[in-house]
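Chemist: Would you be able to build a 3D model of this:
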Amino acid sequence: MYFVPRAILDSLWRVLRLDVASASVFDRFWKFGAFLFAASFVSGSVGYALLKPFMRHRFVFPTPRVVWNHPVYAYEHIALMAVVFATLATLCVLSAPRLVGWKRHTATVLVIATTVAIGSPLCGLLWKFQNLRAGYTEWNLHFLMELRSGASQAFDLCWLVVLASIPYNMLAFAAAFGLMEFAFGSTRTAAGEDR
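Modeler: Residues are numbered from 1 along each chain as shown. Alright, predicted model coming up:
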């Protein structure tokens, strides 16, 4: 059972009329990407909101002391990771819609790992811009160097943060896996094949 219920995804798919079989390549990419972004952002946000009250003495995303703004701007970071996941998942699903079995699962795990590897430096940049917005730094040449260090630090620490974010990381993995399975199944169904 996945974190995102199948019935909700099916009904959302029908309501949005995401018929990808008759659409152009751009339309398919746009529709799949928007659907996967919305579904992953909503599932990530709901998971965060459900876990936050139970983790009063500990952050949902444990981070080093230098990144204390994570709980304040958690939804911005979730949205950024959802954009990266939706883009990579859409590229994967639309470029290889007929993957089955272990190849599909391997592709899903690679998309999730690549999402962490690409999204984490972007979250590091977002962290530095949040510090700028909060007034901790000023916009100057030093800030541009800070952007580079923020991306580098985020990439270096991302795997530790992901591993320490239990149980959120397990819920996010299940949601991403479920969304990828749904997307693969939807492309096969739209093409007239069985799941």
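
Chemist: Show me the shaky parts of the protein.
Modeler: For the chain, residues meeting the criterion pLDDT under 70 lie at 1-23, 56-71, 134-141, 188-195.

Chemist: Pull out the buried positions in whatever helix or strand Ser45 lives in.
Modeler: Following DSSP states H and E, one finds Ser45 within helix 25-51. Applying a neighbour-count criterion of 16 or more other CB atoms under 10 Å, the buried positions in helix 25-51 are 28-29, 31-33, 35-37, 39-44, 47-48. For every residue, glycine as well, the C-beta is placed using N, CA and C.

Chemist: Quick check: the farthest pair among those?
Modeler: When CB to CB is used, the two most widely separated members of the buried residues of helix 25-51 are Arg28 and Tyr48, lying 29.8 Å apart.

Chemist: Go ahead and measure how far the helix holding Ser45 is from the middle of the chain.
Modeler: Centroid separation between helix 25-51 and its chain, computed with CA atoms, centre = their mean, to the nearest Å, is 8 Å.

Chemist: Renumber starting at 3 from here on
Modeler: Happy to do that; since the first residue is 3 now, the last one works out to helix 27-53.

Chemist: That one - contacts with which helices or strands?
Modeler: The elements that helix 27-53 packs onto, with contact taken as 3 or more CB pairs under 8 Å, 6 or more residues apart in numbering; DSSP states H and E, are helix 8-17, helix 76-97, helix 170-192.

Chemist: Name the nearest residue to Ser122, sequence neighbours excluded.
Modeler: The shortest distance from Ser122 to any residue other than its chain neighbours is 3.4 Å, reached at Cys160 (CB to CB, 6 or more residues apart in numbering).

Chemist: Please report the distance of the one you found from Ala88.
Modeler: With distances taken as CB to CB, to the nearest Å, Cys160 is found 19 Å from Ala88.

Chemist: Would you mind measuring from the residue positioned nearest the centre of the chain to Phe37?
Modeler: Residue closest to the mean C-alpha point of the chain, counted by CA atoms, centre = their mean, is Ala84 at 3.0 Å. Using CB to CB, we find Ala84 at a distance of 11 Å from Phe37.
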